[in-house]
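Asker: I would like to see how this sequence folds:
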Amino acid sequence: MKHSYILLAVAVMMTVTGCDFFRKLAGRPTSEYIEERKLEILRRQEAAAQARLDSLQREQKAVRDSIAALDSLKQQGGTILNPSKLGGLFATKLEARHYIIVGTFRERANAESLLRKVSDAGEYSPALISFRNGMIAVGVCPCNKLPDAVAALESVRKNPFCPSDVWILLNE
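Answerer: Just a heads-up that it's a prediction; the model follows:
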């Protein structure tokens with residue numbers, strides 16, 4: 001009879017308390033904890049998916065901006081050249097992807113003279129760029145994005161030191 005009371009008490013206890021009671025006693029996670037973890041994992045997956053989507057949208061915007069910049073450059077009659085078309089760079093490691101080239105010279109003294117004029121004009125961060133074919137260019141407005149380079153080209157063209165045949169160097 002005692003055994004039947006004990007079994008009855010255990011049966012009542014199981015129906016009232018459920019499996020979580022025994023899970024707690026055994027040191028195992030409860031159903032509430034498991035649900036919280038599932039929700040946390042879902043939130044992380046959703047955040048990762050949103051981050052990927054945001055990244056794709058930023059890249060798409062960058063591509064659209066670059067295409068718009070190329071169209072603008074084409075309308076202005078501008079040119080983009082890669083250093084390999086000029087024989088490649090000669091021991092000059094450029095820090096930016098794009099430079100506005102305001103002059104290209106055979107003699108270093110002429111390039112340095114233009115460099116001083118550009119430096120006197122102010123904000124353009126001029127640099128001498130040497131090519132393997134012996135030419136030395138004066139580059140200004142280093143930037144890494146094409147839309148920025150096109151905007152800089154428009155700005156530089158307004159200066160008296162800027163020739164009509166200014167172009168953009170694409171450092172790849």
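Asker: quick one: low-confidence residue ranges for the chain.
Answerer: 1-2, 9-18, 73, 75-82, 84-88, 90-92 (pLDDT under 70).
Asker: which residue ranges of it form strands?
Answerer: Here the chain has its strands, by DSSP state E, at 80-81, 98-105, 127-130, 136-143, 167-170.
Asker: make JSON lines from these and add mean neighbour count and distance to residue 60 to it.
Answerer: Placement of C-beta: from N, CA and C, glycine included. Putting the strands of the chain into JSON lines (neighbours: other Cβ atoms under 10 Å; distance: least, Cβ to Cβ, whole Å) gives the following:
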{"stretch": "strand 80-81", "mean neighbour count": "14", "distance to residue 60": "22"}
{"stretch": "strand 98-105", "mean neighbour count": "23", "distance to residue 60": "21"}
{"stretch": "strand 127-130", "mean neighbour count": "18", "distance to residue 60": "32"}
{"stretch": "strand 136-143", "mean neighbour count": "23", "distance to residue 60": "21"}
{"stretch": "strand 167-170", "mean neighbour count": "20", "distance to residue 60": "21"}
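Asker: and residue 98, how far from residue 66?
Answerer: 11 Å (Cβ to Cβ, to the nearest Å).
Asker: now list whatever residues contact both of these two.
Answerer: Common neighbours of residue 98 and residue 66, using Cβ atoms under 8 Å, 6 or more residues apart in numbering, are 145-146.
Asker: still on that earlier bit, among the strands of the chain, which comes closest to residue 58?
Answerer: Among these, strand 136-143 comes nearest to residue 58, with 17.6 Å by Cβ to Cβ.
Asker: just checking: what are the partner strands of that closest one?
Answerer: strand 98-105 (antiparallel), strand 127-130 (antiparallel) (DSSP bridges).
Asker: redo these as CSV? Include distance to residue 22.
Answerer: Shown next, in CSV, are these (distance: least, Cβ to Cβ, whole Å):
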stretch, distance to residue 22
strand 98-105, 68
strand 127-130, 74
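Asker: can you say which of these is nearest to residue 144?
Answerer: Nearest to residue 144 among the strands paired with strand 136-143 is strand 98-105; the distance by Cβ to Cβ comes to 6.9 Å.
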